[in-house]
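**Student:** with the sequence up front, the predicted model follows.
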Amino acid sequence: MFYCFQSKEGTRTFHTHLEVTDVASEMFEFCSNMTEEQDARARALIERAAAKWPLRILHVLSDAGAPLRFSRLLERVEGISQKVLTQTLRTLENDGLVIRTLYPQVPPRVEYELTPLGRDLLMQVAALWRWIVERLENFDARKAVKLTVAAV
């Protein structure tokens, strides 16, 4: 695995490699062509997408297969508050991952659905999600070893 970090004045660039994995350098060639602004924007998008609720909301919208009203989303995303759902949906909409449709009626009806970009992101994340789930035992085993060593 290889991580690229843009250097800023007064800081160092560092690269991390896992010796176990043979990663083709061409795979991360895009990093060398990124500007600092692109790097910052990409990092911000990754942080927003990987926060506690966005991926869960995208998953629920994907499973629905049709636009969902706010109240239905609130019911299906267990543990989220109305305020946090509202904030997260606004962020997802601003990032172009969700479409918000307002129907001018009384009372107003609002529905949310995935955009093609949101669906594409979810498909990309699914591979990472599967990889993690398939290796949960490895992570748990590593944590158990660390706890055992710390107790000694």
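**Tutor:** On my side now, so go ahead.
**Student:** only C-alpha atoms for contact and neighbour calcs from this point on.
**Tutor:** Will do.
**Student:** show me the shaky parts of this protein.
**Tutor:** 1-25, 146-152 (pLDDT under 70).
**Student:** so who does Ile99 touch?
**Tutor:** Glu93, Tyr112, Glu113, Leu114, Thr115 (C-alpha atoms under 8 Å, 6 or more residues apart in numbering).
**Student:** quick check: Gln105 vs Asp95, distance?
**Tutor:** Separation of Gln105 from Asp95 (C-alpha to C-alpha, to the nearest Å) stands at 27 Å.
**Student:** of these two, which one has the most company?
**Tutor:** Counting neighbours by other C-alpha atoms under 10 Å for Gln105 and for Asp95 shows that Asp95 has the greater number, 15 against 8.
**Student:** put the alpha carbons of the helix ranked longest in the chain into PDB.
**Tutor:** Secondary structure assigned by DSSP state H gives helix 116-134 as the longest helix of the chain. What follows is helix 116-134, C-alpha atoms only, in PDB (Å, rounded to 0.1, in the frame of the first residue of the first chain):
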ATOM      1  CA  PRO A 116     -24.900   8.500 -10.800                       C
ATOM      2  CA  LEU A 117     -21.800   9.900  -9.000                       C
ATOM      3  CA  GLY A 118     -23.200   8.700  -5.600                       C
ATOM      4  CA  ARG A 119     -23.900   5.300  -7.000                       C
ATOM      5  CA  ASP A 120     -20.400   5.100  -8.400                       C
ATOM      6  CA  LEU A 121     -18.900   6.100  -5.100                       C
ATOM      7  CA  LEU A 122     -20.900   3.500  -3.300                       C
ATOM      8  CA  MET A 123     -19.700   0.800  -5.800                       C
ATOM      9  CA  GLN A 124     -16.100   1.800  -5.200                       C
ATOM     10  CA  VAL A 125     -16.500   1.800  -1.400                       C
ATOM     11  CA  ALA A 126     -18.200  -1.600  -1.500                       C
ATOM     12  CA  ALA A 127     -14.900  -3.300  -2.500                       C
ATOM     13  CA  LEU A 128     -13.100  -1.700   0.500                       C
ATOM     14  CA  TRP A 129     -16.100  -2.500   2.800                       C
ATOM     15  CA  ARG A 130     -16.000  -6.200   1.700                       C
ATOM     16  CA  TRP A 131     -12.200  -6.300   2.100                       C
ATOM     17  CA  ILE A 132     -12.500  -5.000   5.700                       C
ATOM     18  CA  VAL A 133     -15.400  -7.400   6.600                       C
ATOM     19  CA  GLU A 134     -13.500 -10.400   5.300                       C
END
